[in-house]
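**Q** Sequence first, then the predicted structure:
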Amino acid sequence: MKITSVESMLLAIPFSDRDVQWRLGGTGHVFQTLMVRIDTDQVLSGWGEVFTKNGEASLKAMFDTHVRPALIGRDPSHINAIKRDLERQQHNFGRVGVMAFCVSAVDLALWDILGKAANLPLYRLLGGSPRTEIPLYASLARYGAAPTVGRTTERAVREGYRAVKLHEVLVETVAGARAGGGPDIAVMLDTNCPWTLAEAKRNARRLEPFNLAWLEEPTWPPENVHALAELRRSTTIPIAAGENAGSLIDYRIMFEAGAVDFVQPDIAKAHGLTEALKIAALAEAYDVAFMPHCFMIGPGYAHTIHLCAAHDVPLMERYYLDFAAEPMGDIVKPRAGKVAVPQGAELGCEPDPAAVKLYRVT
Ligand SMILES: [Mg+2]
């Protein structure tokens, strides 16, 4: 089998919640996703996804100019070799960041092709699972005010979610979530790296009464695992991090420092599914809970479902926003706070051609 063509496509999908403070597409209430399709000479195609936030036209240009040409003619079943070659050829463009995201998308697409060739769902290639659905946590956008956080949490709980994660930096917003969701739901707080160690220690003391399931990325910069470790020793709140690390060695350093209770690699950021499997094994050896990050709604989201099924991850992250389209189709749409594990070959779902046509930007 040979790779015959590689195409990246940028989609911008609107969402309806006007209270959201984030500008995820850089231009307003849209969420951008950069999908990648790898085609072969044997009909099979595979899909991957590059982590996106904003400015994705430049990300697409990087993928198209640096990564795409290196893939044509390769045998897509050589996943490890292709990943290793790309990493070594391109490492000075980032072992963390843009190039790691691009390599991730390729790795995901190659796993997709492998599953289709084997005619097996991805989770079975990864070891299998009796699970048919996975509980999700509602990963809320940033609202910046306790009443809005409370209302949104209340709505998520009413829809069936038993866990919510806030993306906030104000302690009072956690009180808002508790008021909206009650004492029994799991509440996590993701602050996205805002504080010095001293500020984080002070705020952690104020947060302790709220019984958080974890506090995520409380300190700046994210690679300072020693600050995180010191914070972890000083508070009763479990610490989560890992979405901003790039590869296995970063995670080793994080675990050796004793920085985290929950580790959160993102398969569209940290060199793909192949790297995530190594990180999961290392996490197990260090007795750290493996809790993949998922900031995607495209192919990377579907891959993460299979990874969580096969690795018995108790709770998976899902954006809590009303998108104008579910790009991977209704089969992976959240229902009552859960998502079904698709049973078809490989991902068991494909990007919806109508959504791609409607929301493709470039
Ligand atoms: Mg996070």
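**A** Here it is on my side, so go on.

**Q** Show me how this protein divides into domains.
**A** 3-118, 124-348 (automatic domain parsing).

**Q** okay if I get those as JSON lines plus mean pLDDT and mean neighbour count?
**A** Any C-beta I mention is one placed from the backbone N, CA and C, and that applies to glycine too. Output for the domains of the chain, formatted as JSON lines (pLDDT from 0 to 100; neighbours: other CB atoms under 10 Å):
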{"stretch": "domain 3-118", "mean pLDDT": "92", "mean neighbour count": "19"}
{"stretch": "domain 124-348", "mean pLDDT": "97", "mean neighbour count": "20"}
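
**Q** Test my guess that D322 contacts I13.
**A** No: shown here, D322 and I13 do not form a contact pair, counting by CB atoms under 8 Å, at 10.7 Å.

**Q** before we move on, back to that, tabulate the domains of the chain in TSV, adding columns for distance to R360.
**A** TSV is the format used below for these (distance: least, CB to CB, whole Å):
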stretch	distance to R360
domain 3-118	5
domain 124-348	11
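
**Q** Restricting to C-alpha, output stretch 277-288 in PDB.
**A** Extracted in PDB, the C-alpha atoms of stretch 277-288 (Å, rounded to 0.1, in the frame of the first residue of the first chain):
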ATOM      1  CA  LEU A 277       0.200   4.700  24.400                       C
ATOM      2  CA  LYS A 278       3.700   5.100  25.600                       C
ATOM      3  CA  ILE A 279       2.600   7.900  28.000                       C
ATOM      4  CA  ALA A 280      -0.200   5.700  29.300                       C
ATOM      5  CA  ALA A 281       2.200   2.900  30.100                       C
ATOM      6  CA  LEU A 282       4.600   5.300  31.900                       C
ATOM      7  CA  ALA A 283       1.800   6.900  33.800                       C
ATOM      8  CA  GLU A 284       0.700   3.500  35.100                       C
ATOM      9  CA  ALA A 285       4.300   2.800  36.200                       C
ATOM     10  CA  TYR A 286       4.300   6.100  38.200                       C
ATOM     11  CA  ASP A 287       0.700   5.500  39.600                       C
ATOM     12  CA  VAL A 288      -0.500   8.700  37.800                       C
END
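
**Q** roughly how far out does it sit from the chain middle?
**A** 18 Å (CA atoms, centre = their mean, to the nearest Å).

**Q** before we move on, what about stretch 114-133?
**A** 19 Å.

**Q** can you give me the end-to-end distance of it?
**A** 23 Å (CA to CA, to the nearest Å).

**Q** quick one on the thing from earlier: so which of the domains of the chain comes closest to V361?
**A** Between V361 and these, the shortest gap by CB to CB is with domain 3-118, which sits at 4.7 Å.

**Q** now the end-to-end length of that closest one.
**A** OK, domain 3-118 end separation, CA to CA: 17 Å.

**Q** List the contacts of stretch 130-142.
**A** For stretch 130-142, contacts defined as CB atoms under 8 Å, 6 or more residues apart in numbering pick out 17, 20-22, 24, 149, 152-153, 156, 161-168, 186, 188, 190, 294, 305, 308-309, 312-321, 334, 337-341.

**Q** How about stretch 200-216?
**A** So stretch 200-216 is contacted by 163, 165, 171, 174-175, 178, 183, 186-192, 195, 218-219, 227, 231, 234-241, 261-262, 264 (CB under 8 Å, 6+ apart).

**Q** cool, and stretch 67-74?
**A** Against stretch 67-74 from outside (CB under 8 Å, 6+ apart): 2-6, 8, 38, 82, 85-86, 89-90, 102-103, 106.

**Q** distance between the ends of that stretch?
**A** End-to-end for stretch 67-74, by CA to CA: 12 Å.

**Q** In strands only, show me the contacts of stretch 200-216.
**A** Cross-referencing the contacts of stretch 200-216 against strands under DSSP state E gives A163, K165, A186, V187, M188, L189, D190, I239, A240, A241, F262.

**Q** Same list (the residues you listed) but as TSV, adding distance to L347.
**A** As requested, those are arranged in TSV below (distance: CB to CB, whole Å):
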residue	distance to L347
A163	24
K165	24
A186	28
V187	31
M188	27
L189	31
D190	27
I239	32
A240	26
A241	28
F262	25
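
**Q** distance between the ends of stretch 181-201?
**A** End-to-end distance (CA to CA), stretch 181-201: 26 Å.

**Q** now do stretch 68-87
**A** Where stretch 68-87 begins and where it ends lie 13 Å apart, using CA to CA.

**Q** Make 7 the starting number, not 1.
**A** Right, with 7 as the first residue, what we last looked at is stretch 74-93.

**Q** any idea how far that stretch is from the chain center?
**A** The answer for stretch 74-93 is 23 Å, by CA atoms, centre = their mean.

**Q** Tell me which other helices or strands the lengthiest helix in the chain touches.
**A** Counting by DSSP state H, the longest helix found in the chain is helix 104-124. Where contact means 3 or more CB pairs under 8 Å, 6 or more residues apart in numbering; DSSP states H and E, helix 104-124 is packed against strand 36-46, strand 51-56, helix 62-68, helix 85-96, helix 128-131, helix 278-291, helix 305-316.
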